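# Give me a 3D structure for the following:
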Amino acid sequence: MIRRTSPRPPAVEGLRAYGLVVAMWVRSTMAYRVSFVLTTLGNLAVTGLDFVAILLMFAHVDALGGFSLPEIALLYGTSSASLGLADLAFGRTDRIGRRVRDGSFDILLLRPVPVLAQVAADRFALRRAGRIVQGAAVLGWGMARVDVAWTLPKALFVAVTVVGGAAIFAAVYVAGAAFQFWASDAAEVQSSFTYGGSTMLQYPPTIFAAELVRGVTFVVPLAFVNWLPVLRLLGREDPLGLPGWVDFCGPLVAVVMLTAAGLAWRAGLRSYRSTGS
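Got it, this is the predicted structure:
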């Protein structure tokens, strides 16, 4: 008697394929451990220069936009750690435009593996974990120095904020990759919303124009990565005067953005036309 196994759901199959490809690249990386350690430390040092610039700034001022250095560290740490997680998992999606131009994207379509899993795991670079470590270190320092009465729910709120922010950045990565099916030379546009957005979120919203704050709240809702949750932790009102419950909507916004990005990816994949090369 032949027992038929039920097919795995597409999401499960995609995660399994992603894990297998990532494991392959990790094994390849660990074959040269000294090189891995050096490049990871270099990545950590380079990403840390952003916070060094903030430290130099606070050598001349006591507050920036009404925020002290430990409060800025909360913004910096949550933003950097969230981007680091998303960049580690989905950072290679910026290569889609190049693959579309040179025709190598066809190879991904021939494999019996979900295309997005292949794209996200392609050349998985474990050294990018340096950004996560550096961001988490600054976040931990800020939490220890900021004037907040920490409780377990507040600590969990910070953890959820970081994970939710990573999901929001992941959605931006996927949406940017989908856009490259129509505009194949648009990797810089994707970077402006990921790396550029993360840099903006490292500073308090009070130093930016109200129009920009509205744009990153209602158009591309990056404010839910850390601005609104951190303002809630610090007991501050947001510049737009939104209801207090909005500060807790980060995970919901992440789900909506991931759903929209997934639909955009499917539409882009259906529109793909091979170069024939």
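# for L64, phi and psi?
phi -130, psi 110 (degrees, to the nearest 10).
# For it, name its beta-bridge partners.
L64 forms beta bridges with F67, as assigned by DSSP bridges.
# doesn't F208 make contact with it?
No - contact criterion C-beta atoms under 8 Å: L64 and F208 do not qualify, at 11.8 Å. C-betas here are computed from N, CA, C, even on glycine.
# Mutual contacts of these two, please.
Common contacts of L64 and F208 (C-beta atoms under 8 Å, 6 or more residues apart in numbering): none found.
# Could you check how many residues crowd around R128?
19 (other C-beta atoms under 10 Å).
# these two touch, right, it and A89?
No - using C-beta under 8 Å, R128 makes no contact with A89, being 9.3 Å away.
# CA atoms only: put stretch 61-74 into PDB for me.
The C-alpha trace of stretch 61-74 is given here as PDB (Å, rounded to 0.1, in the frame of the first residue of the first chain):
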ATOM      1  CA  VAL A  61      24.800  69.900  22.900                       C
ATOM      2  CA  ASP A  62      22.800  68.500  25.800                       C
ATOM      3  CA  ALA A  63      19.700  67.600  23.800                       C
ATOM      4  CA  LEU A  64      18.600  67.100  20.200                       C
ATOM      5  CA  GLY A  65      15.000  68.000  19.500                       C
ATOM      6  CA  GLY A  66      14.300  67.800  23.200                       C
ATOM      7  CA  PHE A  67      15.800  64.200  23.400                       C
ATOM      8  CA  SER A  68      18.700  63.300  25.600                       C
ATOM      9  CA  LEU A  69      21.500  61.000  24.500                       C
ATOM     10  CA  PRO A  70      20.100  57.800  26.200                       C
ATOM     11  CA  GLU A  71      16.700  58.600  24.500                       C
ATOM     12  CA  ILE A  72      18.400  58.900  21.100                       C
ATOM     13  CA  ALA A  73      20.100  55.600  21.900                       C
ATOM     14  CA  LEU A  74      16.700  54.000  22.200                       C
END
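# I would like the residues contacting that stretch, please.
Outside stretch 61-74, the residues that reach it (C-beta under 8 Å, 6+ apart) are 51, 54-55, 57-58, 75, 138-139, 141-143, 145-147, 202-207, 226, 230, 233-234.
# In helices, which of the residues you listed appear?
51, 54-55, 57-58, 75, 138-139, 141-143, 145, 230, 233-234 (DSSP state H).
# For ChimeraX, write the selection for the buried entries among these.
Of the ones in helices among the contacts of stretch 61-74, the buried ones go into a single ChimeraX selection, burial set by 16 or more other C-beta atoms under 10 Å:
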select :51,54,75,138,139,141,142,143,230,233,234
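# Could you let me know which of the ones in helices among the contacts of stretch 61-74 ends up closest to L15?
L139 (27.2 Å; C-beta to C-beta).
# give me every residue that touches the nearest residue to the closest one once chain neighbours are set aside.
Excluding the flanking residues, the one nearest L139 by C-beta to C-beta, 6 or more residues apart in numbering is G77, at 2.5 Å. Applying C-beta under 8 Å, 6+ apart to G77 gives the contacts 135-143.
# could you redo the last one with a cut-off of 7 Å?
135-136, 138-139, 142 (C-beta atoms under 7 Å, 6 or more residues apart in numbering).
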